[in-house]
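Engineer: Have a look at this fold, sequence not included:
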Ligand SMILES: O=C1O[C@H](COP(=O)(O)O)[C@@H](O)[C@H](O)[C@H]1O
């Protein structure tokens, strides 16, 4: 597994402040990558993340971001039609893609006509084609695709993408995209990027808001060592990892710090 080059943790008072800061962060990376190499590859999660992207479709970003250079991918997708309420594509389309001028040919949705295994194979083949035949997607030193930015959410159980605690898929180290038919969170059939792909990214933003996530955040950012790592603890990119937390998600972490500070102060 790749060593983390850099890790930053930002804690904001509210989810609204997370949304504001996240938009600024994404717009800044977009500008740099578009200038440097004429393209920006962005990988979206589903879930609450998409709503937290809402500031991107407002001024100034809606007008200043070079959307024509964006290439959009999915970290994971549910095996349902694209117009189904559980579809991560639909979520992103409604919240982001329908509101900005990203070119339809630069939106790489999963083929919803295929069953789970076929959809994973198909997505992997399309990524391999992009790496081999275009300048859109780069290759990391380890031979996996290197996306410019992955936007990760995290479930209360510490899952990221469709990689769930204790599941054998956590150990997958050859495939780029794989499938799951027994997801503990419905719907059960999904396809997902694997950890080697996630960890080949240039930048990862881990966006976590809300109190139900606090325990997993505490475990991921605390000093304790557990032999069985949560999926979120396996996020360790070659590039830079930035956590965006609101006060609720960071609450257990902050409480521990506060009780440590008050113990120290009472000794003085
Ligand atoms: O099922 C999924 O869950 C995670 C976390 O979602 P959240 O609503 O708790 O933020 C999400 O990142 C993933 O893409 C999705 O398929």
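Structural biologist: Structure received. Keep in mind the model is a prediction, meaning the values are calculated, not measured.
Engineer: hey, let's count contacts and neighbours off CA atoms from now on
Structural biologist: Fine.
Engineer: ok, the closest residue to residue 115 other than its chain neighbours - contacts?
Structural biologist: In this structure, residue 115 finds its nearest non-sequential neighbour in residue 79, 7.0 Å apart by CA to CA, 6 or more residues apart in numbering. Applying CA atoms under 8 Å, 6 or more residues apart in numbering to residue 79 gives the contacts 87, 112, 115-116, 187, 189-191.
Engineer: What separation do you get for residue 79 and the ligand?
Structural biologist: To the ligand, residue 79 is 10 Å away according to CA to the nearest ligand atom, to the nearest Å.
Engineer: Repeat that for residue 60.
Structural biologist: Plainly put, residue 60 is 26 Å away from the ligand if you go by CA to the nearest ligand atom.
Engineer: Look at that residue and say how many residues are nearby.
Structural biologist: Other residues near residue 60 come to 13 when the count uses other CA atoms under 10 Å.
Engineer: Over to it: give its phi and psi.
Structural biologist: phi -80, psi -10 (degrees, to the nearest 10).
Engineer: tell me the contacts of residue 157?
Structural biologist: Residues in contact with residue 157 (CA under 8 Å, 6+ apart) are 164-165, 213, 216, 230.
Engineer: Of the residues you listed, just say which sits nearest to the ligand.
Structural biologist: Closest approach to the ligand among the contacts of residue 157 (CA to the nearest ligand atom): residue 213, at 7.9 Å.
Engineer: hang on, that closest one is in a helix, isn't it?
Structural biologist: Yes: counting by DSSP: H, G, I helix; E, B strand; the rest coil, residue 213 is located in a helix.
Engineer: from now on call the first residue 20
Structural biologist: Sure, I'll start numbering at 20, so the last one becomes residue 232.
Engineer: any idea of the pLDDT on it?
Structural biologist: As predicted, residue 232 sits at a pLDDT of 97.
Engineer: Pretty sure it sits against residue 172.
Structural biologist: No: in this structure, residue 232 is not within contact of residue 172 by CA atoms under 8 Å, at 10.3 Å.
Engineer: returning to that earlier point: from the contacts of residue 176, which is closest to residue 221?
Structural biologist: Nearest to residue 221, judged by CA to CA, of the contacts of residue 176 is residue 249 at 21.9 Å.
Engineer: State the distance from the closest one to residue 50.
Structural biologist: 33 Å (CA to CA, to the nearest Å).
Engineer: Counting neighbours, go ahead and name the busier of these two.
Structural biologist: The residue with more neighbours, out of residue 249 and residue 50, is residue 249; 21 against 17, by other CA under 10 Å.
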